[in-house]
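> Sequence and predicted structure below; questions after.
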Amino acid sequence: MKQHIINFVVTIIIALILSQFLPWWSVMVAGFVSALFFRLKRAAIFLVPFLAIFCFWAVYAFIMSSGNDFTLAKKIAVLLPLGGNPYLLILVTGLVGGISAGVAGMFGNVLGVLVRK
C-alpha cells in the first residue's frame, strides 16, 4: 500500500513539473518514470498512474474552466457528442489522460523488470 501512495504522489508531482514545459504527453512520461522506479504489482501497475493522472487532469481542467464559467468547455462539449455538458468533457479529459498514463506505467514497469534482471 505504501508503494501505491508513493507512486501516486510521484506521478502527480512529475506530471505537474513536466506539464509546465512539455505538451500533453508529459503525463505519459510521468507514468513511465514513476512505474520504472517504484514497482507495482498486478492491476496496480495500470490503476495507480491512471488514477493519479485522471485526478490531476480532471482537477486541472475544472480549475481552468471554472475561471471563465465553463464557456470554452461548453463550446467544445457541443462539438463532441457530449450534449454541451462541460462536466462530461472534464470526465472525458481525465479518462484520456489516465489511460495514457496507465499504459505508459505498464510499459515502465515491464522495462524496469527487464532492466533489473
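Alright, I've got the coordinates. As the structure is a computational prediction, the values presented were derived from the model and not from experiment.
> Tell me, how many residues neighbour Met64?
By other CB atoms under 10 Å, 13 other residues sit near Met64. (Glycine included, C-beta is placed from N, CA and C.)
> Tell me how far it lies from Ala35.
For Met64, the distance to Ala35 (CB to CB, to the nearest Å) stands at 27 Å.
> Tell me the buried residues in the host helix or strand of His4?
When elements are assigned from DSSP states H and E, His4 belongs to helix 2-18. Of the residues in helix 2-18, those scored as buried under the neighbour-count criterion (16 or more other CB atoms under 10 Å) are 4, 7-8, 10-12, 14-15, 18.
> Columns pLDDT on top of these, output as TSV?
Compiled in TSV, the buried residues of helix 2-18 are given as follows (pLDDT from 0 to 100):
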residue	pLDDT
His4	87
Asn7	89
Phe8	92
Val10	91
Thr11	93
Ile12	94
Ile14	93
Ala15	94
Leu18	94
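> which helices and strands does the top helix by length along the chain pack with?
Scanning the chain for the longest helix, with DSSP state H as the assignment, gives helix 86-116. For helix 86-116, the contact count by 3 or more CB pairs under 8 Å, 6 or more residues apart in numbering; DSSP states H and E identifies helix 2-18, helix 26-37, helix 44-66, helix 71-79 as packing neighbours.
> Since that was my last question, I'll sign off now.
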